[in-house]
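One predicted model, sequence on top.
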Amino acid sequence: MHAIPALALLSLASLPTLAGETPWQEIAPGVDMRLVSSGEIRPDGTTLIGLEINMPSDTKTYWRVPGDTGLPTELDFSGSPDVEAHAIHWPFPIRDQTAEYLDYVYYGPTVLPVELELAPGAQHLELAAVLGICSEICIPAQARFSMPLEAEPDRPNGLRLKQAIALAPIAWPDEEPSFGEVSFDPTSGQLLVPVLSSAIDIASLIVTAPGGEPLYGTPQKSREPNLVVVPVLGERDEIDWSSQSVQLTFMTDMGSFEVSRPIKAAANK
C-alpha cells in the first residue's frame, strides 16, 4: 500500500498533548486531524503550523494539484485578521493513476506544513480547513481550529514541521541545467520536454499548470534521447499555448525540486 517514505509524517498520537497542538477531531470515519504549531513567532513575523492527518494506509488526501477526481485543500484564515499571508509547503506527492483517473495524493499519516506571515502583535489563530478525504468514498472533510500563536516554543512539533517541510520540493539551482525549452506539438497533442540533467528521475516527473488546468498526464520517454512527452488531458484546441507555462516537479538522489518553464507556442494548430 502507498505511503510517504518519511518517519516525520508518522502520527505521534500516543504522546502527551503539547503546547503547540490542538485536540484531535474526527473529520471522516477512521480519520482524525489536528493543528500543530512550532509555538513561536520568528523575528521576521513568520511562524510554522501544520495540519496533521491521521489516516489509514488505504485512505488519501490530495496535493496542491489534486488531479482528475481530487478535491482541493482550502484554508480559511478570515477569522484571524493578523494572518497576512499563508503558504502550504506541499510534500512531494504520490501519483495515483488508474485507467479512469490520474490524481496526486498522500496516503496514510500526513503532515501538511503551513508558513504564516503575521502582523505585529499577533497572538491567536482561528482556522477553518476543508480537504478531500477518500477511501471507498470521497468526501470534503471540514474542521475548525483555535490556537494561541506564541504560547511557548514547542520543540518536538517545531522539529516535525521542519522535517515535513524538508519533503517539499525546492527551487532547482539556477547554475545547473535541468530542462530545455518546453513546446507543444499540435499533431500529437503532447508537450515536448527536453531533459538536460542526468540527476533527474524521469519516472518521478510531474507536470502541472500554475492554476491546475489544463491537466497533464504521466510523462513518457520519447524515442529521441533525453526527451519526455507529456499528454494534455481534456480539451486542448481552445488553449492559447503562447500564454501557458508549466511547473516541473521531480525527484533526484538529493531530494525533490521544481522549476518553471514557459511553453513555446505551436507554429500551427
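Looks like it arrived, so ask away.

neighbours around the closest residue in space to residue 170 that isn't next to it in sequence, how many?
Distance criterion C-beta to C-beta, 6 or more residues apart in numbering; nearest residue to residue 170, sequence neighbours excluded, is residue 257 at 6.0 Å. Where you see a C-beta, it was placed from the backbone N, CA and C, and this is true even at glycine. Residues lying near residue 257 (other C-beta atoms under 10 Å) number 21.

does residue 257 count as helix, strand or coil?
Assigned state for residue 257: strand (three-state reduction, DSSP: H, G, I helix; E, B strand; the rest coil).

wait, doesn't it sit right on residue 172?
Yes - between residue 257 and residue 172 there is a contact at 4.5 Å, judged by C-beta atoms under 8 Å.

which residues do the two both contact?
Here residue 257 and residue 172 have residue 178 as joint contacts, going by C-beta atoms under 8 Å, 6 or more residues apart in numbering.

quick revisit: so what's the residue nearest to residue 170 bridging to?
residue 170, residue 250 (DSSP bridges).

go on, residue 97?
residue 102.

Could you double-check that it sits in contact with residue 215?
No - using C-beta under 8 Å, residue 97 makes no contact with residue 215, being 12.0 Å away.

sorry, back to before: what separates the residue nearest to residue 170 from residue 238, distance-wise?
Residue 257 is 32 Å from residue 238, where distance means C-beta to C-beta, to the nearest Å.

And residue 224, by the same measure?
Distance, residue 224 to residue 238, using C-beta to C-beta: 29 Å.

neighbour-wise, which of these two wins?
Ranked by neighbour count (other C-beta under 10 Å), residue 224 and residue 238 place residue 224 first, with 10 against 6.

how far away is the residue nearest to residue 170 from residue 248?
With C-beta to C-beta as the criterion, residue 257 and residue 248 are 9 Å apart.

Check residue 137 too.
The value you get for residue 137 to residue 248, if C-beta to C-beta is used, is 33 Å.

okay, these two: which has more neighbours?
residue 248 (24 against 8).

Just the C-alpha atoms of the helix or strand containing residue 113, please, in PDB.
Per DSSP states H and E, residue 113 falls inside strand 110-118. Provided in PDB are the C-alpha atoms of strand 110-118 (Å, rounded to 0.1, in the frame of the first residue of the first chain):
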ATOM      1  CA  THR A 110       0.400  13.000   6.700                       C
ATOM      2  CA  VAL A 111       1.600  16.400   7.800                       C
ATOM      3  CA  LEU A 112       0.900  19.500   5.700                       C
ATOM      4  CA  PRO A 113       3.100  22.300   6.900                       C
ATOM      5  CA  VAL A 114       1.900  25.900   6.600                       C
ATOM      6  CA  GLU A 115       4.000  29.100   6.900                       C
ATOM      7  CA  LEU A 116       2.200  32.100   8.200                       C
ATOM      8  CA  GLU A 117       3.100  35.800   7.800                       C
ATOM      9  CA  LEU A 118       1.700  37.700  10.800                       C
END
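
Neighbouring strands of it in the sheet, and parallel or not?
strand 46-54 (antiparallel), strand 83-88 (antiparallel).

who touches it?
So strand 110-118 is contacted by 4, 8-9, 36, 41, 45-53, 55, 61, 73, 75, 77, 82-91, 125, 149, 160-161, 164-165, 168 (C-beta under 8 Å, 6+ apart).

One more pass at 6 Å, please.
For strand 110-118, contacts defined as C-beta atoms under 6 Å, 6 or more residues apart in numbering pick out 9, 45-53, 82-89, 161, 164-165.

So which bits of it are buried?
By 16 or more other C-beta atoms under 10 Å, the buried positions in strand 110-118 come out as 110, 111, 112, 113, 114, 115, 116, 118.

Dump these to JSON lines, plus pLDDT.
Listed next are the buried residues of strand 110-118 as JSON lines, based on pLDDT from 0 to 100:
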{"residue": "110", "pLDDT": "96"}
{"residue": "111", "pLDDT": "97"}
{"residue": "112", "pLDDT": "97"}
{"residue": "113", "pLDDT": "97"}
{"residue": "114", "pLDDT": "97"}
{"residue": "115", "pLDDT": "97"}
{"residue": "116", "pLDDT": "96"}
{"residue": "118", "pLDDT": "95"}
